[in-house]
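Engineer: Would you be able to build a 3D model of this:
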Amino acid sequence: MMKLKIPGVTFSWKRALGITKVKQQIAKETGIPLSKQGVERKIGKMVLEWFKKK
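Structural biologist: Modelled structure (predicted):
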């Protein structure tokens with residue numbers, strides 16, 4: 001039996017429960033990203049700005 005996959009149609013239980021929305025709101029209000037990549041970008045930017053001041 002062949003499964004039919006529709007491109008672009010996926011299910012996320014985190015999105016269904018509203019976890020994604022809450023995380024986005026927290027990140028927006030605090031200005032601190034909650035993803036690993038976002039935190040790394042923010043820290044990298046802070047370090048570069050610190051070196052520019054010196």
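
Engineer: can you give me the offset of the strand or helix carrying Q37 from its chain's centre?
Structural biologist: For Q37, the host element (DSSP states H and E) is helix 36-53. Computed by C-alpha atoms, centre = their mean, to the nearest Å, the chain-centroid distance of helix 36-53 equals 16 Å.

Engineer: What of stretch 24-40?
Structural biologist: 7 Å.

Engineer: Got phi/psi on S12?
Structural biologist: Main-chain torsions, S12, degrees, to the nearest 10: phi -120, psi 120.

Engineer: count of neighbours near W50?
Structural biologist: When neighbours are defined as other C-beta atoms under 10 Å, W50 has 9 of them. Every C-beta, even on glycine, is put in place using the N, C-alpha and C of the backbone.

Engineer: ok, back up a step: I'd like the mean pLDDT over the helix holding Q37, please.
Structural biologist: Mean pLDDT, computed over helix 36-53, is 92.

Engineer: Could you do stretch 11-24 as well?
Structural biologist: Stretch 11-24 comes out with an average pLDDT of 88.

Engineer: Show me what that stretch is in contact with.
Structural biologist: With contact meaning C-beta atoms under 8 Å, 6 or more residues apart in numbering, stretch 11-24 is reached by L34.

Engineer: how does it look with 10 Å?
Structural biologist: By C-beta atoms under 10 Å, 6 or more residues apart in numbering, the surrounding residues in contact with stretch 11-24 are 33-35.

Engineer: mind putting the residues you listed in TSV, neighbour count included?
Structural biologist: As requested, those are exported to TSV (neighbours: other C-beta atoms under 10 Å):
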residue	neighbour count
P33	17
L34	12
S35	10
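
Engineer: Tell me the one among those residues nearest to E49.
Structural biologist: P33 (16.4 Å; C-beta to C-beta).

Engineer: I'd like to know how many residues surround V47.
Structural biologist: 10.

Engineer: gap between it and E40?
Structural biologist: 11 Å (C-beta to C-beta, to the nearest Å).
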